[in-house]
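Asker: just the structure for this:
(one chain, ligands or ions: 1)
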Amino acid sequence: MLCWAAAPLGLETHVLDPDANAPAAGLASHFVQGDFNDAETVFRFGRGMGVVTIEIEHVSIAALHRLRAEGVLVHPSPDALATIQDKGLQKDFYKKNGLPSAPHHIYKDAEALREAVRRGEQALPFVQKARRLGYDGRGVAVVRQHSDLATKLLDVPCLVEELVEIEKELAVIVARNAQGQVAAYPLVEMHFGEATNLLEILVCPADLPPQVAEAAYQLAKQTIEAFGLCGLLAVEMFWAKDGRLLINEVAPRTHNSGHHTIEACATSQFEQQLRAVLGWPLGGAALRAPAAMVNLLGEPGHEGAVRYEGLEGCLAIKDAHLHLYGKAMTKPFRKMGHITLLADTREAALEKAAQAKCLLRVVSG
Ligand code: ADP
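Answerer: Got it, this is the predicted structure:
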């Protein structure tokens, strides 16, 4: 999607991905297959580029530092990325900068956490999160009772935080360029799958009291300033039942909570990311129409060559915009595409989203 946004801006794109069949392979001006955790591969790839950016956090930080030292523009900055890659450092960062987030403790492994519970230092219930490589709800364990300590804990360096009673899960994508210009996209409300922790449906605008919405925008702007980032920052937040607004986590890149911006906003998040990292003026972020977005996830029990059922029905919905990512193989809950539905009201957009979700199935064979 970044490559699509780059073409009309007259930009040449070079993409590095470990998978030779990556969706971007056919869209980038130049494609290189390689491991983005391998410092030498990333360094060789980035050398001589005008600007280097990322679409996933788990990239060799050492290589990004080396590229910067050679004069390559790297956004987000390797230091901010190192903080964000490690959820423990990320949480410490919020605390140090006075940014509200659920209180947390850090443990070296499952046994250290069990010991803290035994000594009465760690109360239940809580949420345990792997410090590294968590993604799409993998690496998150909800521990409600003592029996969960034997079965649910992740045996990795982790952080533990309060189990928040959530009223709504929200996200604000905010952009900032090198000149310090900042633009925030309209707040979205996210609905996650109970079992998968995956984003299933998103709706924009969010339905919130105006003072909560205003506080969320201010918090997103404060957060990007605190990190000093150029580019996008997706700030995921909890609006708790007790009224607190808490940062859950951030992503310094284009994000699933902004896919609807392609059709629903004045400038898509992908174009905005390019403008921001290049130091160009930011585009308008205003909402042109209420929107809902459905992630198209691989059906459980289906693994192999992908087949889509119900596509025609979906395309027949007025103002439905289909995006299939061109991944050849499906597996349970793999993100295979998304569909954005525009309407005159958020309720009508949500209704269309429910319809699309019923119609479309991502299966194998
Ligand atoms: P990931 O990085 O894998 O997306 P998150 O930290 O966003 O993981 O957690 C995934 C989901 O788990 C959240 O969207 C939310 O529904 C739930 N969750 C995470 N942290 C908490 C918490 N402290 N209290 C309650 N629910 C939480």
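Asker: how about residue 246, what does it touch?
Answerer: 100, 101, 102, 164, 237, 238, 240 (C-beta atoms under 8 Å, 6 or more residues apart in numbering). (Each C-beta comes from the backbone N, C-alpha and C, glycine too.)
Asker: wait, residue 286 touches residue 266, no?
Answerer: Yes: between residue 286 and residue 266 there is a contact under C-beta atoms under 8 Å: 5.0 Å.
Asker: what's the local residue count around residue 116?
Answerer: 15 (other C-beta atoms under 10 Å).
Asker: so how far is the ligand from the residue lying closest to it once chain neighbours are set aside?
Answerer: Nearest non-adjacent residue to residue 116, counting by C-beta to C-beta, 6 or more residues apart in numbering: residue 122, 3.9 Å away. Counting by C-beta to the nearest ligand atom, to the nearest Å, the separation of residue 122 from the ligand is 14 Å.
Asker: three-state assignment of residue 122?
Answerer: coil (DSSP: H, G, I helix; E, B strand; the rest coil).
Asker: coming back round to it: of residue 286 and residue 266, who's got more company?
Answerer: residue 266 (15 against 12).
Asker: now do the contacts for residue 308.
Answerer: 296, 324, 360, 361, 362, 363.
Asker: from memory the residue nearest to residue 116 sits against residue 161, does it?
Answerer: No: checked against C-beta under 8 Å, the pair residue 122 and residue 161 is beyond contact range at 10.8 Å.
Asker: so what sits against both of the two?
Answerer: Joint contacts of residue 122 and residue 161 (C-beta under 8 Å, 6+ apart) are residue 105.
Asker: ok so, going back, burial of the residue nearest to residue 116, as a residue count?
Answerer: If we define neighbours as other C-beta under 10 Å, then residue 122 has 18 of them.
Asker: could you do residue 73 as well?
Answerer: Using other C-beta under 10 Å: residue 73 sits among 16 other residues.
Asker: what are the bridge partners for it, then?
Answerer: residue 51 (DSSP bridges).
Asker: how near is it to residue 359?
Answerer: Residue 73 sits 44 Å away from residue 359, going by C-beta to C-beta, to the nearest Å.
Asker: same question, residue 172
Answerer: With C-beta to C-beta as the criterion, residue 172 and residue 359 are 30 Å apart.
Asker: which one of these two has more residues nearby?
Answerer: Summary of the neighbour comparison: residue 172 and residue 359, criterion other C-beta under 10 Å, with residue 172 having more neighbours (26 against 18).
Asker: is it true that that one lies in a strand?
Answerer: Yes: with three-state DSSP as the criterion, residue 172 is located in a strand.
Asker: show me the contacts for it.
Answerer: 184, 185, 187, 188, 216, 217, 219, 220, 234, 235, 237.
Asker: what segments of the protein are helices?
Answerer: 2-6, 39-46, 61-69, 78-85, 87-96, 110-118, 148-151, 210-227, 261-264, 269-278, 311-315, 346-359 (DSSP state H).
Asker: any chance of the ones you listed in a markdown table, with mean pLDDT and distance to residue 204 too?
Answerer: Listed next are the helices of the chain as a markdown table, based on pLDDT from 0 to 100; distance: least, C-beta to C-beta, whole Å:
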| stretch | mean pLDDT | distance to residue 204 |
| --- | --- | --- |
| helix 2-6 | 96 | 19 |
| helix 39-46 | 98 | 34 |
| helix 61-69 | 98 | 32 |
| helix 78-85 | 97 | 24 |
| helix 87-96 | 97 | 25 |
| helix 110-118 | 95 | 37 |
| helix 148-151 | 90 | 35 |
| helix 210-227 | 98 | 12 |
| helix 261-264 | 98 | 6 |
| helix 269-278 | 98 | 12 |
| helix 311-315 | 95 | 19 |
| helix 346-359 | 95 | 7 |
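Asker: which of the ones you listed sits closest to the ligand?
Answerer: Smallest distance to the ligand across the helices of the chain (C-beta to the nearest ligand atom): 7.3 Å, for helix 87-96.
Asker: now the angle from the closest one to helix 78-85?
Answerer: Following axes from the mean of the first three to the mean of the last three C-alpha atoms, to 10 degrees, one obtains 110 degrees for the angle between helix 87-96 and helix 78-85.
Asker: which residues of the stretch 101-250 of the chain score low on pLDDT?
Answerer: 135-137 (pLDDT under 70).
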